[in-house]
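Trainee: the sequence and its predicted three-dimensional model are supplied below.
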Amino acid sequence: MSIVIAILPLLLLLVIIGIASKKFNRDLVVLNKTKKRSTITPKKTKWILVGYVMLLLGFMIVSFSLPRNESEFELVSTKKEQRFVELYKSLSKGEQDKVPSDLLLDQWVQEVEGGTFRIVNEHSNWLPISVLVERVETTEQTIQATLYDGIHVITSYEIPGVDKGFKLNWENENVTVVAHNNSAISLSFFEEAYLFNQVKDNQWRQLKHSAWEQYPILYLQVPNHIELIADEHVIEVVDK
Amino acid sequence: MSLNEMSLLDVVKKQVQFKLNSYNGIFLSLIILQILGLFVATLGESSMSEPGYGRSVSTAYYGNGFLIGVTTMWVFISVLLMTTKAYKEDDFTFISTRWSRLLSNLSFTVILAALGTVTTYLLTHVLKVYLLLNDEKIIEVNTFSFLNLLTSLFLLFLFLFFIGMFGYTVGSIFQRNKVAAFLISATFIFIGSITIEANGEYVNSLIYFFSKETSVLLLVIKLGIVNSLLFFITWVVTENEEVRV
């Protein structure tokens, strides 16, 4: 049924072309009156076309001479994107040792005075970071915290500053995640048509109009005897 | 009977010259369509926005796809018009044969495709100038090396010529037999409504044959074969049409 519906407008278009073509055949008689009125002669048309092409050539010269400023956004390799995917996979399985050291932003130990640890977020159901919690068997009153880098990619270009979009406020047994209100970012892309990209050498890449973000990951190793209080929607407990 | 014996090449040359001089409207319509296309292209092909809590990102995509589309449409319609009775009768101004008429129309199609290729490429620069003046930080994706540029323009030319050939064949069939034209069009629409899955992407079955080819040589061969086939169909369809009816 959907095929039939899809075909209908096209059939209508064909009928219109058919009727127009028939009418065009019948009516295309250049009247003397029309002939005399027309001021566009073949010679004029030739010069209009030459003028048009010359104008376009002028624009081409201007286009090449205009300066191209360095963009603040960098093209991300698929390999780099994959590293961040692997980072999350490894951490969600508690395999911190498999994470490359260059993705580590910060590492510290937090003393906890009472028997509880609370993760507070300023926004309901949303955090500007991913929080992974691993429960560890220890008698110590400390929490091992590790912060890993994140990435924000739009159409294969990295948007910088993903690690600056938040702040962690530690106070005894509480950690509050505060999101910074960053200014709006706007990007403009100019992409040659698919036909131009179709036969490409290895250096070319077909960009996909996509967006994905992996927030920085806060990995917490919380002792088993400390009670964890957090919104279960915004944290993930590591299952080793 | 004429005392001067004209060669086929002479007749074709004269017919092409005649078409270039008399079909003013075709060239003027290219300029008008491309200027209109340029206005639409400045609006962008698509946009995306991520409101987000922390930061919002808005993305705009520009490209020359619409300009190519407009030029493709122009080639198709112009060539389709050449098959109409009125244009066909222009050819009887000359002592011509089916061969000379076909060859002159094909030569004219080649000229249209070449003009379309050059103007589309140049018009892309007008768009770039506008965008660069608007936003100097625009990211130009996949910029060309000279060799890439030549290859791409050659492919664009072949593509436009193919569309022209397709238009000429469709037009010839339309002029010959309306029922056959309807059936063939319906078949194309039916095949066109079928999509094929390739590497997780859904591609229209009509363009799959060309769009997934990444080798220049194979693409040229494919286009050559299809164009030859279209030429053959046109040759068969236009049989017994060398005289005014």
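Mentor: Done, it's in. Keep in mind the model is a prediction, meaning the values are calculated, not measured.
Trainee: from here on, contacts and neighbour counts on C-alpha atoms
Mentor: OK.
Trainee: low pLDDT regions in the chain?
Mentor: No chain was given, so I picked chain A. Within chain A, the segments meeting pLDDT under 70 span A:1-10, A:24-40, A:124-125, A:181-182, A:199-208.
Trainee: chain B, not that one
Mentor: Counting by pLDDT under 70, the ranges of chain B that qualify are B:1-4, B:51-54, B:91-95, B:142, B:198-201, B:203, B:205, B:240-245.
Trainee: count the neighbours of residue 89 for me.
Mentor: Just so you know, I chose chain A. By other Cα atoms under 10 Å in any protein chain shown, 13 other residues sit near residue A:89.
Trainee: looking at chain B here, not the other one
Mentor: 16.
Trainee: is it located within a strand, as I assumed?
Mentor: No. With DSSP: H, G, I helix; E, B strand; the rest coil as the criterion, residue B:89 is assigned helix and is not in a strand.
Trainee: now the helices: where do they sit in the chain?
Mentor: All of this refers to chain A. A:2-27, A:32-37, A:42-65, A:78-92, A:194-198 (DSSP state H).
Trainee: actually, chain B is the one I wanted.
Mentor: B:8-22, B:24-41, B:65-82, B:85-90, B:98-134, B:146-176, B:178-192, B:205-211, B:216-237.
Trainee: contacts only, for residue 63.
Mentor: I went with chain A, as the question did not name one. Residue A:63 makes contact with B:125, B:126, B:128, B:129 under the criterion Cα atoms under 8 Å, 6 or more residues apart in numbering or on different chains.
Trainee: other chain: chain B
Mentor: Residue B:63 makes contacts with A:190, A:191, A:192, A:193, B:41, B:44, B:45, as judged by Cα under 8 Å, 6+ apart.
Trainee: quick check, the last one in contact with residue B:67.
Mentor: To tie it back to what came earlier, the one meant is residue B:45. No. Here residue B:45 lies out of contact with residue B:67, judged by Cα atoms under 8 Å, at a distance of 10.9 Å.
Trainee: between the two, which one's more packed in?
Mentor: It is residue B:67, of residue B:45 and residue B:67, that has more neighbours when counted by other Cα under 10 Å, with 27 against 16.
Trainee: what sits against the residue sitting nearest the centre point of chain B?
Mentor: Centroid-nearest residue in chain B: residue B:160, 2.9 Å away (criterion: Cα atoms, centre = their mean). For residue B:160, the contacting residues are B:72, B:75, B:113, B:116, B:117, by Cα under 8 Å, 6+ apart.
Trainee: can you count the residues close to the residue nearest to the fourth one when sequence neighbours are not counted?
Mentor: For residue B:116, the nearest residue in space outside its immediate sequence neighbours is residue B:71; the separation is 5.9 Å by Cα to Cα, 6 or more residues apart in numbering or on different chains. Around residue B:71 there are 25 other residues, counting by other Cα under 10 Å.
Trainee: among the contacts of residue B:160, which two are most distant?
Mentor: B:75 and B:117 (10.5 Å; Cα to Cα).
Trainee: I'd guessed residue A:152 sits against residue A:165; true?
Mentor: No. Taking Cα under 8 Å as the definition, residue A:152 is not a contact partner of residue A:165, at 11.4 Å.
Trainee: how does chain A divide up, domain by domain?
Mentor: A:2-65, A:74-237 (automatic domain parsing).
Trainee: between the contacts of residue A:63, which has the most around it?
Mentor: Neighbour max across the contacts of residue A:63 (other Cα under 10 Å) = residue B:128, 25 neighbours.
Trainee: residues touching that one, list them.
Mentor: If you count contacts by Cα under 8 Å, 6+ apart, residue B:128 has them with residue A:63.
Trainee: residue A:178 and residue A:164 touch, don't they?
Mentor: No. Counting by Cα under 8 Å, residue A:164 is not a contact partner of residue A:178; they are 10.9 Å apart.
Trainee: so for those two, which residue has more residues nearby?
Mentor: More crowded of residue A:178 and residue A:164, by other Cα under 10 Å: residue A:178, with 19 against 12.
Trainee: check the gap between residue A:224 and chain B for me.
Mentor: 33 Å (Cα to the nearest Cα, to the nearest Å).
Trainee: ok, now which ones touch that residue?
Mentor: A:135, A:136, A:137, A:138.
Trainee: want to try JSON lines for those residues, with distance to residue A:111 and neighbour count as columns?
Mentor: Output for the contacts of residue A:224, formatted as JSON lines (distance: Cα to Cα, whole Å; neighbours: other Cα atoms under 10 Å in any protein chain shown):
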{"residue": "A:135", "distance to residue A:111": "16", "neighbour count": "19"}
{"residue": "A:136", "distance to residue A:111": "15", "neighbour count": "15"}
{"residue": "A:137", "distance to residue A:111": "16", "neighbour count": "11"}
{"residue": "A:138", "distance to residue A:111": "14", "neighbour count": "12"}
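Trainee: thanks again, I'm all set now.
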